[in-house]
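Peer 1: just the structure for this:
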Amino acid sequence: MFAGFERQRIDVGEIAVNAVIGGRGAPLLLLHGYPQTHAIWRKVAPRLAERFLVVATDLRGYGDSSKPAGLPDHSNYSKRAMALDQVEVMRALGYERFFVCGHDRGARVAHRLALEHRERVAKLAVLDIAPTKAMYEQTTMAFAQAYYHWFFLIQPSPLPETLIGANPEAWLRHHMARHAGLQPFLPDAWPQYVRCFDPAAIHASCEDYRAAASIDLEHDAQSIAAGRKVECPVLALWGAHGVIERLFKPLDEWRRVAADVRGQALPCGHYIPEEAPDLLAAALQNFFDGDP
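Peer 2: Residues are numbered from 1 along each chain as shown. You can find the predicted model right below:
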């Protein structure tokens, strides 16, 4: 995977972030989701590297990045903290302004990054999510059934960690296959996803979700009360066969929190970078046009 890319482990203060870097042109930061790693971009990054300097990282708590124990208030897994990690990565690489694309949890980090570091983010693409606050506030029986893991992973430690830790690969198979089957991840990415889903990552990813249901909602409410919106152009893409299409109106939701939004559904499920890489690469190349 990622032939021609350089791998770096970048110290950003209290943690180190694992990244692969390749290509040339305007800098583009790619952020993965749960329960994956930067490997989700393996089919897309080489095409993007033809026109961009691509930086694909492992989020705090995932992959080969540091996985600190969660704090009592979950603040070290807030999207604010995770966004700052990525700002420091890009600064360490010499980029003060850049494009960002995030999938799933990475899109939630990217959303907070664009809100709090607006001078850094020239354009933002979010894949298969609606804003966190909107999704919690619109919870229905259908949503709770489809995204039951949101409510399982936020239970106090060590309950979900213990249950998942009894058979981590079985959990990965169950969670990922129910959205797309396993074929999109085989053969190359699956061994990495299993390798990286160790006890520290299981705990860290639960902390990610616990933060989303607590401190992240506080930060979202503060931003809304202050009238702050994402100011840069936003591209929202989602799977036509997924939960976001079925239960939400993603463009409407993003237009409530961002000033300039466009987007569409793609003919796939949740894992857009692995299910529809060619369509995604074309859409991102078109959107991230010009200099940041």
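Peer 1: now the residue nearest the centre of the chain: how far from Leu31?
Peer 2: For the chain, the residue sitting closest to the mean C-alpha position, by CA atoms, centre = their mean, is Gly106 at 1.3 Å. Here Gly106 is placed at a distance of 3 Å from Leu31 (CB to CB, to the nearest Å). (C-beta placed from N, C-alpha, C; glycine too.)
Peer 1: per-residue confidence at Pro292?
Peer 2: Per-residue pLDDT puts Pro292 at 85.
Peer 1: let's have the chain start at 408 instead
Peer 2: Understood, numbering begins at 408; the last thing we discussed is Pro699.
Peer 1: what sits in contact with each of Gly513 and Leu438?
Peer 2: Leu466 (CB atoms under 8 Å, 6 or more residues apart in numbering).
Peer 1: lowest-pLDDT helix or strand in this structure?
Peer 2: helix 575-587 (a mean of 94; mean pLDDT, DSSP states H and E).
Peer 1: who touches the helix or strand following that helix?
Peer 2: Downstream of helix 575-587, the next assigned helix or strand under DSSP states H and E is helix 596-603. Identification of contacts with helix 596-603 by CB under 8 Å, 6+ apart yields 408, 442-444, 446-447, 449, 465, 469-471, 575-576, 579, 583, 589, 592, 681.
Peer 1: Ser612 against Pro442, yeah?
Peer 2: Yes: in this structure, Ser612 is within contact of Pro442 by CB atoms under 8 Å, at 5.9 Å.
Peer 1: spit out the residues that contact the two alike.
Peer 2: Tyr469.
Peer 1: can you report phi and psi for the residue lying farthest from the centre of the chain?
Peer 2: In the chain, the residue that sits farthest from the middle, by CA atoms, centre = their mean, is Ala573; the gap is 25.8 Å. Taking degrees, to the nearest 10, you get phi -70, psi -30 for the backbone angles of Ala573.
Peer 1: can you check Leu534 too?
Peer 2: Here is the backbone geometry of Leu534 (degrees, to the nearest 10): phi -110, psi 120.
Peer 1: quick revisit: list the residues that contact the residue farthest from the centre of the chain.
Peer 2: Counting by CB under 8 Å, 6+ apart, Ala573 has no contacts.
Peer 1: quick one: it from Tyr616, how far?
Peer 2: On the measure of CB to CB, Ala573 and Tyr616 end up 19 Å apart.
Peer 1: kindly report the same for Glu682.
Peer 2: Counting by CB to CB - Glu682 and Tyr616 are separated by 23 Å.
Peer 1: now do Ala647
Peer 2: According to CB to CB, Ala647 stands 26 Å off from Tyr616.
Peer 1: who's more crowded, the two?
Peer 2: Between Ala647 and Tyr616, counting by other CB atoms under 10 Å, Tyr616 is the more crowded of the two (22 against 14).
Peer 1: for the residue nearest to that one when sequence neighbours are not counted, which residues are in contact?
Peer 2: Spatial nearest neighbour of Tyr616, excluding adjacent residues (CB to CB, 6 or more residues apart in numbering): Leu560 at 4.0 Å. By CB under 8 Å, 6+ apart, the contact set of Leu560 is Pro567, Ser612, Cys613, Tyr616, Arg617.
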